[in-house]
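S.K.: predicted model follows, preceded by the sequence.
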Amino acid sequence: MGVKDKAFTWSAATNKAVYGVNSFHTSGYPVKPDDLQSLNDSIEQWGQFLRHIFLGSSVGYVSTEVLEQYTLEDTELYLDVKIQLSQAMSSVQDDILANRLEMICNEIRKNSYKFISSTLPMLNENSRNLVELKDNSGLIKTQSDKALYIGATRRSVNGGSDHQESLSLRRKQIMAVINRQHRDVIQNLAQLSSKINSGLYSEEYEL
């Protein structure tokens with residue numbers, strides 16, 4: 001009897017003993033408990049990291065050093081999920097399921113990579129420009145600067161207002177991109193966990 005056939009030997013009595021009276025395990029492939037646990041743990045760790053950086057983006061500027069750290073950590077967590085997925089699927093003869101799980105992982109990675117390498121730097125630039133604009137229109141540091149400041153302010157007040165409006169609009173656009181990327185990541189993480197839970201189960205539960 002092959003692995004695929006074994007997945008359908010789950011009986012009602014077995015299901016009630018393991019999952020309770022109101023559920024019934026009808027399909028899936030048995031895998032080693034440690035492999036399944038390691039896979040779920042790696043996905044959870046990656047998910048926690050992604051939630052942290054997406055929610056943290058609302059605070060504004062992120063230094064170059066932090067961006068580099070984000071890139072390294074995201075890469076490490078992504079590769080760990082891929083390794084644990086390969087290990088868990090090593091005994092499963094289902095290329096369709098394996099490819100689907102890998103595609104979801106890659107889709108999450110695509111969004112996280114774009115967010116860290118492209119979207120966050122755009123947000124940084126916007127934050128930097130807003131700060132510079134605020135500084136240029138802020139308090140006068142010395143009395144001797146007053147005449148020059150007033151003259152420059154009168155000439156540039158309209159231009160400065162337009163520039164601030166443009167920067168604010170740009171920020172809204174960037175935040176809309178971040179929200180979309182975050183939503184896609186959350187949905188894909190949920191889909192990945194759902195596919196794993198419905199397609200795999202610990203072999204120690206097979207009676």
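M.R.: All right, it came through fine.
S.K.: list the contacts of Tyr201.
M.R.: Contacts here follow C-beta atoms under 8 Å, 6 or more residues apart in numbering; on that basis Tyr201 touches 25, 28-31, 36. (Each C-beta comes from the backbone N, C-alpha and C, glycine too.)
S.K.: okay, and which of the residues you listed map to helices?
M.R.: Leu36 (DSSP state H).
S.K.: drop anything exposed from the contacts of Tyr201.
M.R.: 25, 28-31, 36 (16 or more other C-beta atoms under 10 Å).
S.K.: who's in contact with stretch 73-87?
M.R.: 35, 38-39, 41-43, 45-46, 49-50, 53, 101-102, 105, 108-109, 112-113, 116.
S.K.: and it, what's buried?
M.R.: Under 16+ other C-beta under 10 Å, the buried positions of stretch 73-87 are 73-74, 77-78, 80-82, 84-85, 87.
S.K.: isn't Ile196 right next to Leu39, touching?
M.R.: Yes - taking contacts as C-beta atoms under 8 Å, Ile196 lies within contact range of Leu39: 6.7 Å.
S.K.: out of these two, which sits in the more crowded spot?
M.R.: Between Ile196 and Leu39, Leu39 has the larger neighbour count (other C-beta atoms under 10 Å), namely 25 against 22.
S.K.: ok but that one is inside a strand, no?
M.R.: No - assigned with DSSP: H, G, I helix; E, B strand; the rest coil, Leu39 falls outside any strand and is helix.
S.K.: separation between it and Pro33?
M.R.: Per C-beta to C-beta, to the nearest Å, Leu39 is found 11 Å from Pro33.
S.K.: same thing with Leu169?
M.R.: Taking C-beta to C-beta, one finds Leu169 at 53 Å from Pro33.
S.K.: specify which residue of these two has the higher count of neighbours.
M.R.: The neighbour comparison of Leu169 against Pro33 (other C-beta under 10 Å) goes to Pro33, with 13 against 10.
S.K.: can you pull the contacts of the closest residue to the more buried one other than its chain neighbours?
M.R.: Closest residue to Pro33 apart from its sequence neighbours, by C-beta to C-beta, 6 or more residues apart in numbering: Ser202 at 4.0 Å. For Ser202, the contacting residues are 30-33, 36, by C-beta under 8 Å, 6+ apart.
S.K.: quick check: beta-bridge partners of Ser202?
M.R.: Val31 (DSSP bridges).
S.K.: and it, what pLDDT?
M.R.: For Ser202, the pLDDT comes out at 90.
S.K.: and Ser161, by the same measure?
M.R.: On the pLDDT scale, Ser161 is placed at 78.
S.K.: how many residues are close by it?
M.R.: There are 12 residues near Ser161, going by other C-beta under 10 Å.
S.K.: other SSEs contacting the helix or strand in which it is found?
M.R.: Ser161 is part of helix 146-199 when elements are defined by DSSP states H and E. Helices and strands touching helix 146-199, as assessed by 3 or more C-beta pairs under 8 Å, 6 or more residues apart in numbering; DSSP states H and E, comprise helix 33-56, helix 95-114, helix 120-136.
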